[in-house]
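Engineer: Compute the structure for the input listed below.
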Amino acid sequence: MIGTGANVMSTLTSRMIGSATLDAQSYEEVESDSKSNWQAVGIVLLSSFAAAIGSGATDMTGVIGILIAAITSWLLWVLLTLLIGTKVLPGKQTQADFGQILRTTGFSASPGIFRALGIVPVIGWYLFVAATVWMLFTFVVAIRQALDYESTGRALAVSLLGWLIHGLLLFGFVLTAI
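Structural biologist: Numbers count the residues shown, from 1 in each chain. Have a look, this model is predicted:
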């Protein structure tokens, strides 16, 4: 039993590193492993928590608020990307379901763990932004692999379109809540 747990952690770690280094094979592996859904969600939770810490939130209400906003934002972006990628801008080989997009984009959040470095004095904000941009790159690769696109350009277009729409929806929601 202990060997199995160690193997899961080893696989999780190697997949996170592979995802963070834009390794297409890591995304293909995660896409086809329906048992890694909870790992993907765990990475998003960890990345979101790191964002809350790195943003400088100092009280539990702030941390929880940022955590909820980050998870909601990711989930909305995943759903929009699935819709846009499979219905609006599918490739010739595109066949994907929610689970495949959830897993690949969940693992693409791996570099987000470095957003916790946002608390480092003087350079923290730059590190936070760099990790966030890194996540955008990994998201594009995740989408390219999950939707079986032949070009990164199509994956970039789908990712950006989903990001823009989700940003407008969240911004509109925030404005109506104020």
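Engineer: Let me see the residues that make contact with stretch 36-43.
Structural biologist: Residues outside stretch 36-43 that contact it (CB atoms under 8 Å, 6 or more residues apart in numbering) are 12, 15-16, 30, 99, 102-107, 109-110, 112. The C-beta positions use only the backbone N, C-alpha and C, and glycine is treated the same way.
Engineer: From the residues you listed, list the buried ones, please.
Structural biologist: Buried residues within those, defined by neighbour count using 16 or more other CB atoms under 10 Å: 12, 15-16, 30, 102-107, 109-110, 112.
Engineer: and the longest helix for this structure?
Structural biologist: helix 152-177 (DSSP state H).
Engineer: check contacts around Ala20.
Structural biologist: Going by CB under 8 Å, 6+ apart, Ala20 touches 110-111, 134, 138.
Engineer: Could you check how far the nearest residue to Gln93 once chain neighbours are set aside is from Gly99?
Structural biologist: Distances taken as CB to CB, 6 or more residues apart in numbering put Asp148 closest to Gln93, at 4.0 Å, once the chain neighbours are dropped. According to CB to CB, to the nearest Å, Asp148 and Gly99 sit 15 Å apart.
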